[in-house]
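Q: Fold the stuff below for me.
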Amino acid sequence: MMTLQIHNLTKHFPNAKTPAVNRITFSMQEGEILALVGPSGCGKTTTLRLIAGLERPDSGSIAIHGALVASETVFIPPEKRGVGMVFQDHALFPHLSIFENVAFGLQGRKRAEVQAIVSEMLRLVGLESHARRYPHALSGGERQRVALARALAPRPALVLLDEPFSSLDAGLRLEMREQVRDILKVMRTTAIFVTHDQEEALFMGDRLAVFREGEIEQIGAPEQIFHAPVSRFVAEFMGGSDFLPGLTQPEGIETELGLLTQPAPAAKHVELAVRADDIDFALDAEGNATIAGRFFRGAFHVYRLQLDSGRILHAFKEHTCLMPVGARVRAWVSAGHPLAAFDTQS
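A: This next block holds a predicted model:
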């Protein structure tokens, strides 16, 4: 069953030269998590606000569980859409206890029912013993879980999360993304997760929608987005690709690192997207590159290789592998999968 259907959604703010959101179309299955990812100002949060009912679209439509909630002639207010929202700053009420915060969206229900739902939600997020505390007495991660419990308590058709981990430190972000994803899956909740962090998007989303200048550049499974980007922008944004020129041949693509026997596009001159895990190298005095830099990343080193053409590529090596900067090496492609290739004329 489709929880959300968006068709040709457009929003243009006054004094802006281009639309904040431009004719985007996508749908979501029940229980699916969709991560919206892209650089600042690309339309992610505006899309979220349009779905929530915090902004009116200029054109296009939004339907939740088959019911039209926004179009050029229809606008259902936020409180009647059955949508939960988790904000960047958690937006908890400081004067209410944790129990009261989670119960806030349950007004009008019987006391016993509210007690049961709130207890269930706090147990789900591991904060049942904190019910009588106030937000100021909680850690950032605990406040984040309270915000999620409050959004989930009314059992909304859809939950929207707007960069919910951005205020947390790096270690807590990793912990919270695992906990939140597990909770959403246990509840079988349909959710949209906005982030500008590529790694976070790949972890959180069953699918990813990569935004660029108000449009969806590509939408698909994390593996598809990462390994088969449809454009140079997606390849660069979703993994810091380097680009290697190539010339298509009947048997593959010829590059300065050798012939790659893989499907080639119709274009004669192409660029191949290569990431650091696609390149390997070994010391070789007669090689084709020089080590121009080495950066320690804990479990591995990132090596910057300057090819004889002057082009820079990056490659990973395990942390125990130390090669001197300035050494000659032979580099080659060891991706184990076809590389994305783009027409240099497009």
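
Q: Low-confidence regions, the protein specifically.
A: For the chain, applying pLDDT under 70 flags the ranges 346.

Q: Find the centremost residue of it, please.
A: Nearest residue to the geometric centre of the chain (Cα atoms, centre = their mean): Ala201, 2.4 Å.

Q: Wasn't it part of a strand?
A: No - counting by DSSP: H, G, I helix; E, B strand; the rest coil, Ala201 is not part of a strand but helix.

Q: Could you look up the next helix or strand downstream of the lengthiest helix in the chain?
A: What stands out as the longest helix in the chain, according to DSSP state H, is helix 170-186. Following helix 170-186 in sequence order, the next helix or strand is strand 191-195 (DSSP states H and E).

Q: Parallel or antiparallel, list what pairs with that following strand.
A: strand 33-37 (parallel), strand 158-162 (parallel) (DSSP bridges).

Q: looking at the ones you listed, which is buried most?
A: strand 33-37 (a mean of 25; mean count of other Cβ atoms under 10 Å). All C-beta spots, glycine's among them, are computed from the backbone N, C-alpha and C.

Q: C-terminal to that one, what's the next element?
A: Criterion used, DSSP H and E; the element after strand 33-37 is helix 44-52.

Q: tell me which strands and helices that next one is in contact with?
A: For helix 44-52, the elements it packs on are strand 2-11, strand 21-29, strand 33-37, strand 83-86, strand 158-162, strand 191-195, judged by 3 or more Cβ pairs under 8 Å, 6 or more residues apart in numbering; DSSP states H and E.

Q: Out of these, indicate the one that is most buried.
A: Ranked by mean neighbour count under mean count of other Cβ under 10 Å, these are led by strand 191-195, which reaches a mean of 26.

Q: Relative to the whole chain's centre, how far out is that one?
A: 7 Å (Cα atoms, centre = their mean, to the nearest Å).

Q: Roughly how far does Pro135 sit from Leu92?
A: To Leu92, Pro135 is 4 Å away according to Cβ to Cβ, to the nearest Å.

Q: Neighbour count for the two, which is higher?
A: Neighbours were counted for Pro135 and for Leu92 using other Cβ atoms under 10 Å; Leu92 has more, 22 against 19.

Q: List the residues that contact Thr190.
A: When contacts are counted by Cβ atoms under 8 Å, 6 or more residues apart in numbering, Thr190 is found next to Thr3, Leu4, Met28, Gln29, Glu30, Gly31, Glu32, Ile33, Ala157, Leu158, Val159.

Q: I'd like to know which elements the helix or strand that contains Ala116 is packed against.
A: Using DSSP H and E, Ala116 sits in helix 111-124. Where contact means 3+ Cβ pairs under 8 Å, 6+ apart, helix 111-124 is packed against helix 98-103, helix 140-152.

Q: ok, and what's touching the shortest one?
A: Applying Cβ under 8 Å, 6+ apart, the contact partners of helix 98-103 are 92-93, 114, 117-118, 121-122, 127, 130-135, 138, 146, 149-150, 153.

Q: Disregarding flanking residues, what is the spatial nearest neighbour of Ala20?
A: Closest residue to Ala20 apart from its sequence neighbours, by Cβ to Cβ, 6 or more residues apart in numbering: Thr46 at 4.4 Å.

Q: Count residues in the vicinity of the one you found, would you?
A: Neighbours of Thr46 (other Cβ under 10 Å): 21.

Q: Distance-wise, check it relative to Phe237.
A: 18 Å.

Q: and what of Leu257?
A: 24 Å.

Q: Same check on Gly287?
A: Using Cβ to Cβ, Gly287 is found at 31 Å from Phe237.

Q: Compare these two (neighbour count), which wins?
A: Phe237 (23 against 18).

Q: and the gap between the more buried one and Pro57?
A: 26 Å.

Q: ok, Leu283 - how many residues close by?
A: Using other Cβ under 10 Å: Leu283 sits among 12 other residues.

Q: Verify the contact between it and Gly326 for me.
A: No - using Cβ atoms under 8 Å, Leu283 makes no contact with Gly326, being 11.6 Å away.

Q: returning to what we had before: of the contacts of Thr190, closest to Ala209?
A: Nearest to Ala209 among the contacts of Thr190: Met28, at 10.1 Å, using Cβ to Cβ.

Q: so who does the nearest residue to the closest one once chain neighbours are set aside touch?
A: Nearest non-adjacent residue to Met28, counting by Cβ to Cβ, 6+ apart: Leu4, 4.3 Å away. The contact partners of Leu4, taken as Cβ under 8 Å, 6+ apart, are Ser27, Met28, Ile51, Ile62, Ala63, Ile64, Leu158, Thr190, Ile192.

Q: swap in Ala340?
A: By Cβ under 8 Å, 6+ apart, the neighbours of Ala340 are His227, Ala228, Pro229, Ala235, Leu272, Ala273.

Q: just curious, which of those residues is nearest to Asp343?
A: Closest to Asp343, out of all of the contacts of Ala340 and judged by Cβ to Cβ, is Leu272, at 11.6 Å.

Q: ok, that closest one - how many residues close by?
A: 24.

Q: Now it: which helix or strand?
A: Per DSSP H and E: strand 269-274 holds Leu272.

Q: Please point out which parts of that strand sit buried.
A: Val270, Glu271, Leu272, Ala273, Val274 (16 or more other Cβ atoms under 10 Å).
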